[in-house]
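Take this sequence and fold it.
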Amino acid sequence: MGDIIHSKGDDTLKCTVILDNTHDEEILIYAHERNKTVEEIELLAAESASQINGYLRGEIVKLDAKEVYCFTVDGGKLYAICENEKYLLKQRLYNIEEILDKGFIKINQSSIANTNKIQKFDASISGTLKVIFKNGYTDYVSRRNIRNIKERIGL
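Numbering: from 1, shown residues only. Next up, the predicted model:
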């Protein structure tokens, strides 16, 4: 069981926060009826789930997904590659994939690309497809994803 760090309330509404890194984070609401408070909590939870925080040199930076060129896993850690910086993320790639819109596409097992930030694709003789982004960053499309990529870009 995790540590209860905050518990307060009265007879009408109680709030308990349990810190436990062995469970997925979740918000569970017991309510007698849907009301303004429940709706505000739902909205706050949805905003929090879609928020992307990047970490760089001890600072936390709120990232706009539209400015990210590529989300990629490197050395077991997830990074957001932007114009000039590489931000560490605390989320998992599949969590990021869930909140991204149609402008992003999975190019391999460990990378999701922003299609608006791709400069070109470079096909090699060996059959690999190299993705070159507008900021110079490069990655490769896995064979498993080539067909999907070609459909998305109209080839």
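
mind checking the SS state of the spatially most central residue of the chain?
By Cα atoms, centre = their mean, the mean C-alpha position of the chain lies nearest to I96, the distance being 2.0 Å. Secondary structure assignment for I96 (DSSP: H, G, I helix; E, B strand; the rest coil): helix.

Grab the nearest non-local neighbour of it.
With Cβ to Cβ, 6 or more residues apart in numbering as the measure, F71 is the residue that lies nearest to I96, at 5.3 Å, once sequence neighbours are left out. All C-beta atoms are positioned from the backbone trio N, CA, C, and that covers glycine.

any idea of the mean pLDDT in the helix or strand where the one you found lies?
Assigned by DSSP states H and E, F71 belongs to strand 70-74. Averaged across strand 70-74, pLDDT comes to 97.

quick one: strands adjacent to that strand?
Applying DSSP bridges, strand 70-74 is found paired with strand 77-81 (antiparallel), strand 111-114 (antiparallel).

out of those, deepest packed?
strand 111-114 (a mean of 24; mean count of other Cβ atoms under 10 Å).

Downstream of that strand, the next helix or strand is which one?
Later in the chain than strand 111-114, the nearest helix or strand by DSSP H and E is strand 118-123.

So which bits of that next one are buried?
Within strand 118-123, the residues scored as buried using 16 or more other Cβ atoms under 10 Å are I118, F121.

quick one: average confidence on it?
Mean pLDDT, computed over strand 118-123, is 90.

same check, this time on stretch 43-56
76.

Kindly check the end-to-end length of that stretch for me.
Counting by Cα to Cα, to the nearest Å, you get 28 Å between the two ends of stretch 43-56.

rewinding a little: distance from the strand holding F71 to the middle of the chain?
Relative to its chain's centre, strand 70-74 lies at 10 Å (Cα atoms, centre = their mean, to the nearest Å).
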